[in-house]
Each structure stands twice: as C-alpha cells, then as structure tokens.
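1. here you go, sequence then predicted model.
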Amino acid sequence: MASTDTGVDVTKDGSSAAGEPRDTQDLARLEAGLDALEPVQAGRTPLRETLIRKVLPPLAAVALVLVVWQLLVWAEVAPDYKLPAPSAVGDEVTDAWRQGTLLDYIWTSVSRGLLGFLMALAIGTPLGLLVARVKFVRAAIGPILSGLQSLPSVAWVPPAVLWLGLNNSMMYAVILLGAVPSIANGLVAGIDQIPPLFLRAGRTLGATGLREARHIVMPAALPGYLAGLKQGWAFSWRSLMAAEIIASSPDLGVGLGQLLENGRNNASMSQVFLAIFLILLVGIAIDLLIFSPLERRVLRSRGLLVTR
C-alpha cells in the first residue's frame with residue numbers, strides 16, 4: 001500500500017484503501033473543480049431590487065427630460081407654437097383618449113408593422129439560408145441585399161404608390177423592401193460565424209440538407225439571426241412611418257405616421273410631439289416585450305448571461 005500526495009492510500013492494483021478505483025476518485029475531483037468554476041445562480045430577485053435596478057433608472061431619465069423641457073419652456077427659449085409645454089402634450093393625450101382615437105392610432109400602425117414584419121420574416125429567413133449556403137446565389141444576390149439595406153426606406157414609397165396605389169398593399173411592400181434585407185443579412189452573418197467543426201460533426205451524424213439547416217445551422221447562428229431580427233423590426237417600423245407620412249388616404253385610416261403629418265399640416269406642435277411620443281413608446285414596448293426576453297433566453301442558454 002502506498003500513500004499519494006493527496007493523502008489517499010492506494011493499493012498496488014490502483015484502488016484506494018476505501019475500495020474505490022483511483023480513476024474514479026480523479027474524475028470526482030475533476031467534477032468538483034468544474035462545479036466550483038460554475039457561476040453561482042442567485043435566487044429569485046426581490047421585487048424591490050427589480051424596481052430599483054430596472055424600473056427606477058428609466059423613470060428617472062424620463063423625469064429629467066420633462067424637468068429640462070419645462071425649464072426651457074419657462075425660459076421662453078422658443079415661442080409656444082414651436083416648443084409647447086409638457087402639459088399641452090398631456091392635454092393632447094387626454095383629448096385623444098376621450099375621443100376614443102388614441103388606441104386606434106396605435107393599433108392601425110402596430111397591426112401593419114407586426115404583420116409586415118412577419119411577412120418579412122417568412123421571406124428573409126429562407127433567403128438568408130440560400131445566400132449563406134449557395135456560393136453562386138451569394139455572389140449574385142449578396143451585394144444587392146447589402147445595397148438594399150443601406151437604401152433609405154422612404155425612397156421606396158413613391159414607386160410603391162405608383163405600382164400598387166394608396167392601399168395597404170403599398171404599405172406592406174415598403175415594409176418588406178426595408179426589412180427583408182436586414183433579416184437575410186443578419187442570418188448570413190450568423191451562419192458565417194459558425195465554427196466549421198460544428199458543420200462537419202453534423203454531417204458525420206447524418207445531418208444534411210434541411211435537417212442540417214434545422215438542427216445545426218439555425219441553432220448555431222441564432223445570436224446573429226436574432227440581431228438581424230431586431231434590426232429588421234427597426235427597419236419595418238421606420239419604413240411604415242415613412243409610408244404613413246407620405247401616403248395619405250381615407251381608406252388607409254390614421255396611423256401614427258399620418259398623425260404626425262396631420263400635426264404638421266395643422267401647425268400643432270403638441271400633436272407632433274404626441275405622435276413622436278407614441279412612435280417611441282411602441283418601439284420601446286416591442287423591444288422590451290419581445291426581443292429583450294428572446295435575447296436573454298439565447299444568452300442564458302449559451303452561458304453568457306449570469307444572474308448575480
């Protein structure tokens with residue numbers, strides 16, 4: 001019987017005095033060391049801490065903006081018709097709510113934006129896979145997608161009106177032309193960052209064609225794909241606002257972009273500020289309710305998000 005430097009007596013056949021093989025003990029020590037490297041996950045965050053860390057800072061920032069805004073109004077840095085008081089914008093919100101039009105403004109634009117984004121998602125995802133996996137298609141379409149992504153979405157409104165007329169089809173066409181390139185390019189960027197070893201291992205296990213795209217390519221490219229989706233939604237929303245501002249028709253209803261244009265035509269800065277506030281509110285809400293939870297879930301599944 002011999003004694004190792006770890007203080008464990010080992011017999012000639014490699015087993016410890018306790019009867020366990022030495023390899024088993026080494027493996028147990030290795031597992032214990034790896035467990036010690038794992039980040040300690042805290043329990044459920046108390047409601048008070050959540051309010052202080054996540055709710056209070058943005059509320060404080062909004063309050064600061066309102067205070068500075070009111071100070072500028074009191075200092076009379078601009079006439080009332082150029083810089084209305086926050087209370088005037090609040091009156092616009094109250095009037096729109098009492099008239100029952102506030103939610104209509106929001107729903108008209110949000111329904112169009114979300115439906116157009118889903119259509120862009122259905123087109124941009126297979127297009128991105130095709131561009132990323134087929135060299136000829138990438139050489140032919142890749143530069144065009146990059147060029148379309150850099151083209152301002154407002155440039156598509158005049159031709160879309162001439163081609164399709166003043167209707168919802170024109171709105172969706174502008175959204176698609178603005179969002180599809182971003183979604184496709186995001187997926188291409190995510191696929192380009194996949195380690196080749198993953199693809200070779202998948203093919204070795206029999207994952208080819210659609211099976212490879214479903215089980216290997218898409219999960220591995222998910223972070224880049226998600227970034228493309230966020231950018232695609234931003235382009236969808238911006239494209240829709242541009243279309244609603246330029247294209248006006250009673251058949252289209254009044255969305256947030258048209259509300260902004262109506263404020264300009266009426267020389268009502270309070271209505272303009274109301275439209276800007278609602279556009280920002282919808283963009284922030286979509287990010288917080290949809291994309292931020294998805295991003296946290298993806299990061300957590302890859303061990304990149306640690307709760308402290």
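-> Received it, and whenever you're ready, just let me know what you need.
2. in the stretch 1-150 of the chain, which spans are helices?
-> All helices of the stretch 1-150 of the chain, identified by DSSP state H, counting those that start in this stretch, fall at 22-37, 47-50, 56-74, 86-99, 102-133, 135-150.
3. of the ones you listed, which is nearest residue 295?
-> helix 102-133 (16.2 Å; C-beta to C-beta). C-beta here means a position set from N, CA and C on the backbone, and glycine is covered the same way.
4. picking that back up, mind giving me a markdown table with the helices of the stretch 1-150 of the chain and columns for distance to residue 178 and mean neighbour count?
-> Output for the helices of the stretch 1-150 of the chain, formatted as a markdown table (distance: least, C-beta to C-beta, whole Å; neighbours: other C-beta atoms under 10 Å):
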| stretch | distance to residue 178 | mean neighbour count |
| --- | --- | --- |
| helix 22-37 | 45 | 10 |
| helix 47-50 | 36 | 10 |
| helix 56-74 | 28 | 11 |
| helix 86-99 | 28 | 14 |
| helix 102-133 | 8 | 19 |
| helix 135-150 | 8 | 13 |
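5. which one of the ones you listed lies nearest to residue 192?
-> Here helix 102-133 is closest among the helices of the stretch 1-150 of the chain (C-beta to C-beta), at 6.9 Å.
6. run the angle between the closest one and helix 135-150 for me.
-> Using axes from the mean of the first three to the mean of the last three C-alpha atoms, to 10 degrees, one finds that helix 102-133 and helix 135-150 are set 150 degrees apart in direction.
7. mean confidence score for helix 102-133?
-> Here helix 102-133 scores 91 as its mean pLDDT.
8. show me where pLDDT drops low in this protein?
-> Scanning the chain for pLDDT under 70 picks out the ranges 1-45, 47, 50-51, 54, 207-209, 304-308.
9. give me the most central residue, it.
-> Closest residue to the average C-alpha location of the chain: residue 230 at 2.9 Å, with C-alpha atoms, centre = their mean.
10. that's a helix at that one, yeah?
-> Yes: assessed with DSSP: H, G, I helix; E, B strand; the rest coil, residue 230 lies in a helix.
11. the helices of the stretch 1-150 of the chain: which one's closest to residue 182?
-> Across the helices of the stretch 1-150 of the chain, residue 182 has its closest neighbour in helix 135-150 (5.6 Å, C-beta to C-beta).
12. need the CA coordinates for that closest one. CSV is fine.
-> What follows is helix 135-150, C-alpha atoms only, in CSV (Å, rounded to 0.1, in the frame of the first residue of the first chain):
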residue,chain,number,x,y,z
LYS,A,135,-22.0,30.3,-53.4
PHE,A,136,-23.5,31.3,-56.7
VAL,A,137,-26.5,32.8,-55.1
ARG,A,138,-24.3,34.7,-52.6
ALA,A,139,-22.2,36.1,-55.4
ALA,A,140,-25.3,37.2,-57.3
ILE,A,141,-27.6,38.5,-54.6
GLY,A,142,-25.3,39.2,-51.6
PRO,A,143,-24.2,42.7,-52.9
ILE,A,144,-27.8,43.5,-53.8
LEU,A,145,-29.0,42.8,-50.3
SER,A,146,-26.3,44.9,-48.8
GLY,A,147,-27.2,47.8,-51.1
LEU,A,148,-30.9,47.5,-50.4
GLN,A,149,-30.2,47.5,-46.6
SER,A,150,-28.3,50.9,-47.0
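13. check which element follows it along the chain.
-> Helices and strands here follow DSSP states H and E; after helix 135-150, the next one along the chain is helix 157-164.
14. buried residues of the helix or strand that comes right after that following helix, list them for me.
-> Next helix or strand after helix 157-164 toward the C-terminus (DSSP H and E): helix 168-192. Of all the residues in helix 168-192, those buried under the rule 16 or more other C-beta atoms under 10 Å are 170-191.
15. same check on stretch 250-265?
-> Applying 16+ other C-beta under 10 Å to stretch 250-265 flags 252, 253, 254, 255, 256, 257, 258, 259, 260, 261, 262, 263 as buried.
16. who touches residue 107 in this structure?
-> If a contact means C-beta atoms under 8 Å, 6 or more residues apart in numbering, then residue 107 has no contacts.
17. residue 186 touches residue 235, doesn't it?
-> No: using C-beta atoms under 8 Å, residue 186 is not in contact with residue 235; the gap is 10.8 Å.
18. which neighbours do these two have in common?
-> By C-beta under 8 Å, 6+ apart, no residue touches both residue 186 and residue 235.
19. quick revisit: where's the residue nearest to the centre of the chain relative to residue 250, distance?
-> Distance of residue 230 to residue 250, given as C-beta to C-beta, to the nearest Å: 34 Å.
20. one more: residue 110?
-> Distance from residue 110 to residue 250, by C-beta to C-beta: 20 Å.
21. now do residue 297
-> Residue 297 is 43 Å from residue 250, by C-beta to C-beta.
22. list the buried residues in the strand or helix carrying residue 282.
-> Applying DSSP H and E as the criterion places residue 282 in helix 269-286. For helix 269-286, a neighbour-count test (16+ other C-beta under 10 Å) marks 269, 270, 271, 272, 273, 274, 275, 278, 279, 282, 283, 286 as buried.
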